[in-house]
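**Student:** sequence? don't have it. structure:
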């Protein structure tokens, strides 16, 4: 746990919906160039964590630090501009638009021309910028192997391809950190393997740090450098895949013990243990 | 009556007048669609917003004695400010509530605007100062009332301008993206609340122009908001989220109203309009150009 400073750091994040604590003092660190996975049973708070990091929810307590800056109070669109891109568990594409339009919209955050410029500005510089943009779009399209559907309407695409388009759109934002919410949910084996390859390549070829929520344990354990386990809104384990896999708390959270209070107590104990072990 | 027994010239004149009022319906429909597309709010107060702007124009032009161009400019700006204010204070707090609740808020807004107008200017109808040329316009043999003709020209120009802006402005892309998926737009750096605000401001400004033209043609009164009822028919016929639908629906409803008024009598106007509505809803419940998944009223 040394090396470079974390690109994204979450510290003591708490989020409550009425009396339900979706997140209860969650802390985690994402190292630059890593693939970090958040796992946990259904309702553990994974998507809440994602929504809080991307700015959809305001946490009750805690901080989110992105590239050294506290962004806890920064609204979601600003976070996107700073370099936090995400995909959604239930695909959120712009239906009724083509694949290419969706990807172009990913570039929206980086464009600065206003109405008058758009109407009047037709010079060489504009063409140059357009060419550069087209180049990036083409690279993303080639990379994700979706060239054959670039002009197709996204609503008509099969599920696996929609997931890929969503990832392409997020990449078009040229993010520092790419957040993927269940990138292979509902995919068959072949599609899952393709997506796993894309995620590795995003990190290796594009130098983008990946933070993902995923249920497919095989994929999580194969791809991740660092795994964080959530249960009942608390971090019950964190570390390299092998350690997490062997952690009895994690096994119990997944297989269940039949006794809720024991589980909660276990989670609290594990957290106390981790706090004690930290430097 | 000519030899064939049917007065084609009369039909032409009626149709031109119908297109004139249809253009205004289309323009107001456009304002409605902009709000619906961006915020998914069915704004029942669009007719009253139009009325409010007409009264503000009246106050500036007749009350304060400003030159006409300044009064138009001022009324459009004031209406835009009202749109922004309404969005910020009444619509945004309703974010996440059921569409019906937000719809009811706009019904309340309509009553408030009527109330304000009646308090400030009383319920008596008023005439706007004359500001359009008064020589009759001849198109071929057909004669068109000058106000209707110039009103249509203004309307057509404004619609063209709005369409151009939609085509080339990046903010329009943000609006389309917001209309399509708010969460996705938000996560991609599009400031969704600002899009909401812009949509209401722009729609209120467009409605202001329509209001001034409607008022110039037929005078203003605290009941001119019923114009919004015809606009509602226009956008339901055209499809709530379709710009093309609002434009064609507006012209269609304008024509049908004019024909019904001329050949059946004025009392059949509304009957014809709503019969058209029923017919379209029976055949295409989502409107002529609307998307299938939008809610049905």
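**Tutor:** Noted; the coordinates are in hand. Since the structure is predicted, the reported quantities are computational estimates derived from the model, not experimental observations. Numbering: from 1, shown residues only, chains lettered A, B, ... in the order given.
**Student:** the chain: strands as residue ranges?
**Tutor:** Picked chain A for this. Assigned by DSSP state E, the strands in chain A fall at A:8-17, A:20-30, A:35-39, A:61-66, A:69-70, A:84-86, A:177-181, A:209-213, A:226-231, A:234-239.
**Student:** ah, I was thinking of chain B
**Tutor:** Using DSSP E, strands in chain B cover B:137-139, B:142-144.
**Student:** what's the closest non-adjacent residue to residue B:200?
**Tutor:** Distance criterion C-beta to C-beta, 6 or more residues apart in numbering or on different chains; nearest residue to residue B:200, sequence neighbours excluded, is residue B:87 at 3.7 Å. All C-beta atoms are positioned from the backbone trio N, CA, C, and that covers glycine.
**Student:** got a list of what that neighbour touches?
**Tutor:** Neighbour list for residue B:87: B:39, B:196, B:197, B:199, B:200, B:201 [criterion: C-beta atoms under 8 Å, 6 or more residues apart in numbering or on different chains].
**Student:** mind running it again at 10 Å?
**Tutor:** If you count contacts by C-beta atoms under 10 Å, 6 or more residues apart in numbering or on different chains, residue B:87 has them with B:35, B:38-39, B:41, B:193, B:196-201, B:203-204.
**Student:** could you dump the strands of chain A into CSV with mean neighbour count, mean pLDDT and distance to chain B added?
**Tutor:** Supplementary listing: these in CSV, determined by neighbours: other C-beta atoms under 10 Å in any protein chain shown; pLDDT from 0 to 100; distance: least, C-beta to the nearest C-beta, whole Å:
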stretch, mean neighbour count, mean pLDDT, distance to chain B
strand A:8-17, 18, 91, 13
strand A:20-30, 20, 90, 17
strand A:35-39, 26, 93, 17
strand A:61-66, 18, 92, 14
strand A:69-70, 11, 92, 17
strand A:84-86, 28, 90, 5
strand A:177-181, 25, 93, 9
strand A:209-213, 24, 94, 14
strand A:226-231, 25, 92, 21
strand A:234-239, 22, 89, 24
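**Student:** those strands: which one's closest to residue B:120?
**Tutor:** Residue B:120 sits nearest to strand A:8-17 of all the strands of chain A, at 45.0 Å, using C-beta to C-beta.
**Student:** and residue B:55, how far from chain A?
**Tutor:** Distance from residue B:55 to chain A, counting by C-beta to the nearest C-beta, to the nearest Å: 30 Å.
**Student:** I meant residue B:146, not that one.
**Tutor:** Counting by C-beta to the nearest C-beta - residue B:146 and chain A are separated by 32 Å.
**Student:** start to end distance for stretch A:225-234?
**Tutor:** This stretch, stretch A:225-234, spans 20 Å end to end (C-alpha to C-alpha, to the nearest Å).
**Student:** isn't residue A:64 right up against residue A:74?
**Tutor:** Yes - counting by C-beta atoms under 10 Å, residue A:74 is a contact partner of residue A:64 at 8.6 Å.
**Student:** between those two, which contacts overlap?
**Tutor:** A:55, A:84.
**Student:** what about residue B:99, how many residues nearby?
**Tutor:** For residue B:99, the neighbour count with other C-beta atoms under 10 Å in any protein chain shown is 13.
**Student:** how does chain A divide into domains?
**Tutor:** Chain A is divided into the following domains under automatic domain parsing: A:1-83+A:176-279, A:93-174.
**Student:** could I get the average pLDDT for the last one?
**Tutor:** Read it as domain A:93-174. If you average the pLDDT over domain A:93-174, you get 78.
**Student:** chain center to that domain, what's the gap?
**Tutor:** 20 Å (C-alpha atoms, centre = their mean, to the nearest Å).
**Student:** ok, stretch B:126-144 next?
**Tutor:** 21 Å.
**Student:** related to what we said a few turns ago, name the stretch among the strands of chain B that sits most buried.
**Tutor:** Among the strands of chain B, strand B:142-144 has the highest mean neighbour count (mean count of other C-beta atoms under 10 Å in any protein chain shown), at a mean of 17.
**Student:** residues contacting that strand, please?
**Tutor:** B:8-17, B:19-20, B:136-138, B:149-150, B:152.
**Student:** go with 7 Å
**Tutor:** B:9, B:12, B:13, B:16, B:17, B:136, B:137 (C-beta atoms under 7 Å, 6 or more residues apart in numbering or on different chains).
**Student:** how about residue A:183, phi and psi?
**Tutor:** phi -60, psi -20 (degrees, to the nearest 10).
**Student:** from residue A:195, how far off is it?
**Tutor:** Distance, residue A:183 to residue A:195, using C-beta to C-beta, to the nearest Å: 5 Å.
**Student:** what's near enough to touch residue A:41?
**Tutor:** Counted by C-beta under 7 Å, 6+ apart, residue A:41 has contacts A:231, A:253, A:254.
**Student:** format the residues you listed as TSV; extra columns: distance to residue B:231.
**Tutor:** Formatted as TSV, these follow (distance: C-beta to C-beta, whole Å):
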residue	distance to residue B:231
A:231	54
A:253	57
A:254	57
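**Student:** quick check: closest non-adjacent residue to the most centrally placed residue in chain A.
**Tutor:** Central residue of chain A (C-alpha atoms, centre = their mean): residue A:179, 1.3 Å from the mean position. In space, and not counting its chain neighbours, residue A:179 is closest to residue A:86: 3.9 Å by C-beta to C-beta, 6+ apart.
**Student:** list the residues that contact the one you found.
**Tutor:** A:50, A:54, A:170, A:179, A:181, B:187 are the contacts of residue A:86 under C-beta under 7 Å, 6+ apart.
**Student:** how far away is the first one from chain B?
**Tutor:** Which is residue A:50. Residue A:50 is 10 Å from chain B, by C-beta to the nearest C-beta.
**Student:** can I assume that residue is in contact with residue A:177?
**Tutor:** No - Residue A:50 lies out of contact with residue A:177 (C-beta atoms under 7 Å); the separation is 11.5 Å.
**Student:** just to revisit the earlier point, now tabulate the strands of chain B in JSON lines and tack on mean pLDDT.
**Tutor:** Formatted as JSON lines, the strands of chain B follow (pLDDT from 0 to 100):
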{"stretch": "strand B:137-139", "mean pLDDT": "81"}
{"stretch": "strand B:142-144", "mean pLDDT": "82"}
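**Student:** report pLDDT for residue 2.
**Tutor:** By default, I'm working from chain A. According to the predicted model, the pLDDT of residue A:2 comes to 48.
**Student:** you looked at the wrong chain, it should be chain B
**Tutor:** Note on residue B:2: pLDDT of 49.
**Student:** ok so, going back, on the strand side of things, show who the residue nearest to the centre of chain A bridges to.
**Tutor:** Beta-bridge pairing for residue A:179 (DSSP bridges): residue A:86, residue A:211.
**Student:** contact partners for it?
**Tutor:** Contacts of residue A:179 (C-beta under 7 Å, 6+ apart): A:50, A:53, A:54, A:84, A:85, A:86, A:211.
**Student:** from residue A:49, how far out is the closest residue to the third one other than its chain neighbours?
**Tutor:** Nearest residue to residue A:54 in three dimensions, chain neighbours excluded: residue A:86, at 5.1 Å (C-beta to C-beta, 6+ apart). Residue A:86 sits at a distance of 12 Å from residue A:49 (criterion: C-beta to C-beta).
**Student:** phi, psi for residue A:34 please.
**Tutor:** Taking degrees, to the nearest 10 as the convention, residue A:34 sits at phi -100, psi 170.
**Student:** now it. Nearest residue, chain neighbours left out?
**Tutor:** residue A:225 (4.3 Å).
**Student:** next up, the contacts around that neighbour.
**Tutor:** Per C-beta under 7 Å, 6+ apart, neighbours of residue A:225: A:34, A:35, A:36.
**Student:** name the residues linked to the second one by a beta bridge.
**Tutor:** It stands for residue A:35. residue A:210.
**Student:** got the residues of chain B near chain A?
**Tutor:** B:165, B:168-171, B:173-174, B:177, B:180-181, B:183-184, B:186-191 (C-beta under 7 Å from any C-beta of the partner chain).
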